[in-house]
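1. the following comprises the amino acid sequence and a computationally predicted model.
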Amino acid sequence: MKLHDVGTRRCRSIAIRGGVALAALISISGCDPEAEDEQAHQDDVDEIVDHLLLAGYSEADISIQTMDVDNDDISSSGSLVVLQGDIHVTLETAQAKAEEATNEFRLWRTPLLVNPGTICLVAVETTSKITTGINDAAANYNGLSSFGLDFEVRAAIYEPLGGRSWQPVVQYDRSGCDHSIQIWDGVDRQGGLAGFPEQQQIGRGIWITRPYPNIYLGSDVEGLSNQVVEHIVTHEIGHCIGLRHSDWQTRSSCGGSGEDENSAVHISGTTRSSHTSSVMKACYSGSESGNLRTEDITALQQIY
Ligand SMILES: [Zn+2]
């Protein structure tokens, strides 16, 4: 089972290998303390790279080339963003390419989808803030029309040495639950972590696909806004029921590199391009609304 996580948008660091003689291996870092004008130039370079990744170009297509000009008329040096070896891309061009790409959109799912039914979101002794986030996330999904999954929130008690013996027990009302996802908070990590649907044998020769059964929320999540908590829980539930990152090819929302394809299936009805405004983008910012976007709704109604 491949686990999936969400990181905060922090220092960007992308190593890009140039393919021609002038190119150098350069690490672009958004958090090195530098002189102000150098920083502004570096920010432009970062922004151009972000736009190109958003437009669907791969890192292999993009190089940073240092250009020194020193003759009677001009003396300057700086970094240029170069596409496919010899095409210099300005900020304006990169913005236009990204804008073009955002007119098209696609979302992705895992090959396995969950058997329809009621999924109980089991809040395992979560704080009131996290519980609110879980309720809000459930409401996001329950508010969808023509959608084959229902979500109910159940409070649970965790007994580390409960039950009949050594086995830890999560106690909650299981009535009406076709599936369950246990949600744990205060975990020693940042952001959220979940996984993809998996097959489960429920009888002789009878298999169903259930959601990934756990969502882990890092200890930092408690300090985030209610909307961001709602966003994170909604995002992780999305993974548990089979949604992939919308920007898995580029992780452009994180300024990072792409993920393995790992059998990502294009969800029909979502058009073709990369995009980062989905609740399923790989990284979140502090300004998330917590709500599903139009494209997320299209995707969810398509698969369930
Ligand atoms: Zn994720």
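-> Yep, that arrived.

2. after the helix or strand containing Ser79, which helix or strand is next?
-> Ser79 is located in strand 75-83, with elements delineated by DSSP states H and E. Following the chain from strand 75-83 toward its C-terminal end, the next helix or strand by DSSP H and E is strand 87-88.

3. who does that next one pair up with?
-> Partner strands and pairing direction for strand 87-88 (DSSP bridges) are strand 75-83 (antiparallel).

4. where does the stretch 101-250 of the chain dip in pLDDT?
-> Low-confidence regions of the stretch 101-250 of the chain, defined by pLDDT under 70, span residues 101-105, 161-167.

5. go with 50
-> Counting by pLDDT under 50, the ranges of the stretch 101-250 of the chain that qualify are 103.

6. assumed Thr209 was part of a strand.
-> Yes: counting by DSSP: H, G, I helix; E, B strand; the rest coil, Thr209 is found in a strand.

7. Pro111 is in contact with that one, correct?
-> No: if you go by CB atoms under 8 Å, Thr209 and Pro111 don't touch, sitting 9.8 Å apart. Backbone N, C-alpha and C define where each C-beta goes, glycine included.

8. out of those two, which sits in the more crowded spot?
-> With neighbours defined as other CB atoms under 10 Å, Thr209 and Pro111 compare such that Thr209 has more, 18 against 12.

9. could you pull out the strands in the stretch 101-250 of the chain for me?
-> Secondary structure of the stretch 101-250 of the chain, counting by DSSP state E, counting those that start in this stretch: strands at 108-109, 117-124, 149-159, 169-171, 179-187, 192-194, 198-203, 206-210, 214-218.

10. what is the neighbour count of Leu144?
-> 15.

11. mutual contacts of Thr209 and Pro111, please.
-> Common neighbours of Thr209 and Pro111, using CB atoms under 8 Å, 6 or more residues apart in numbering, do not exist here.

12. my read is that His51 contacts Leu83, right?
-> No: His51 lies out of contact with Leu83 (CB under 8 Å); the separation is 11.0 Å.

13. of those two, who's got more company?
-> A count of neighbours by other CB under 10 Å puts His51 above the other of His51 and Leu83, at 23 against 18.

14. state the distance from that one to Thr298.
-> Going from His51 to Thr298 by CB to CB, to the nearest Å gives 25 Å.

15. can you check Glu36 too?
-> Applying CB to CB, one obtains 44 Å for the distance of Glu36 from Thr298.

16. Tyr158 now?
-> Taking CB to CB as the criterion, Tyr158 is separated from Thr298 by 37 Å.

17. now the longest helix along the chain: mean pLDDT?
-> When the chain is scanned for its longest helix (criterion: DSSP state H), the result is helix 36-54. Model confidence over helix 36-54 averages 84 on the pLDDT scale.

18. following that helix, which helix or strand comes up?
-> strand 62-70.

19. the inter-axis angle of that following strand versus helix 36-54?
-> With axes from the mean of the first three to the mean of the last three CA atoms, to 10 degrees as the basis, strand 62-70 and helix 36-54 are set at 140 degrees to each other.

20. in strand 62-70, what counts as buried?
-> Of the residues in strand 62-70, Ile62, Ser63, Ile64, Gln65 count as buried by neighbour count, 16 or more other CB atoms under 10 Å.

21. the last one touches Leu80, doesn't it?
-> This means Gln65. Yes: taking contact to mean CB under 8 Å, the distance of 5.1 Å between Gln65 and Leu80 places them in contact.
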